Every structure is written in C-alpha cells, then in structure tokens.
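> Okay, sequence plus prediction incoming.
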Amino acid sequence: MSTRIHLVIDEADKARYRRQAEREGKSLGAWLRAAAEERLRRAEDRPDLRDAAALERFFEACDARETGREPDWGEQKRIIATSRTAGLEPT
C-alpha cells in the first residue's frame, strides 16, 4: 500500500530537484524516492560502532584488510616533512 508524504521545501530547491529529475528522466517524486533509498543504502553500509564489541570487530577487519607495516611516529613525521617540501624550489 502506498501513502502520500507532504514535504515542505522552498521554491528554489524544488526547481533544482525537478530539473535534476528531468535530466535523469524521472518524475520529481521518483527522483526523491531514489535519493532517499540511496541515502538509506549508504547508511546501512556503514558499520554501527556504538559499542565496544562492534568497534573491536571493526578494527580487526581493518587489520585483516591492510598489509605491510605501519611506520612508527618518528618515521611518520619524517615522511610528512619530506612530502611538504617535495617539488619545492630550493631557497
């Protein structure tokens, strides 16, 4: 079953949304529904990190995905300093 939603937006935004919908070959309503669905999909793809166990799983997945060695802080500072001056003319 479908239901109607009343959405209050200013005229300028409505015109922008309608133009984009027309460029995509959609009605304004179809375009707004697609935008809402896309936003929901992006939100669902992000990990929920509200508790310690979820955060631990997130970091474990990151560690499993990455390869190599992370430089220690002294080495990292040297890398940053070198990148700041790379390509600059000697003064």
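All right, it came through fine.

> domain assignment for this structure?
Partitioning the chain according to automatic domain parsing yields domains covering residues 7-46, 50-86.

> What is the end-to-end distance of the first one?
With C-alpha to C-alpha, to the nearest Å as the measure, the first residue of domain 7-46 is 27 Å from its last.

> List the buried residues of that domain.
Neighbour-count burial for domain 7-46, with 16 or more other C-beta atoms under 10 Å as criterion, is recorded at 17, 21, 31-32. (C-beta placed from N, C-alpha, C; glycine too.)

> Do me a favour and average the pLDDT over that domain.
Regarding domain 7-46, the rounded mean pLDDT is 95.

> Could you do stretch 65-80 as well?
In the prediction, stretch 65-80 has an average pLDDT of 88.

> then it to CSV, C-alphas only?
Extracted as CSV, the C-alpha positions of stretch 65-80 are listed here (Å, rounded to 0.1, in the frame of the first residue of the first chain):
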residue,chain,number,x,y,z
ARG,A,65,42.4,-5.9,5.2
GLU,A,66,45.7,-4.0,5.4
THR,A,67,49.1,-5.4,4.6
GLY,A,68,52.5,-4.2,5.4
ARG,A,69,53.8,-2.3,8.4
GLU,A,70,52.6,1.0,9.8
PRO,A,71,55.6,3.3,10.4
ASP,A,72,56.4,4.4,13.9
TRP,A,73,55.7,8.0,14.8
GLY,A,74,59.2,9.2,14.2
GLU,A,75,59.3,7.7,10.7
GLN,A,76,55.8,9.1,10.0
LYS,A,77,56.9,12.6,10.9
ARG,A,78,59.9,12.3,8.5
ILE,A,79,57.6,11.2,5.7
ILE,A,80,55.2,14.1,6.4
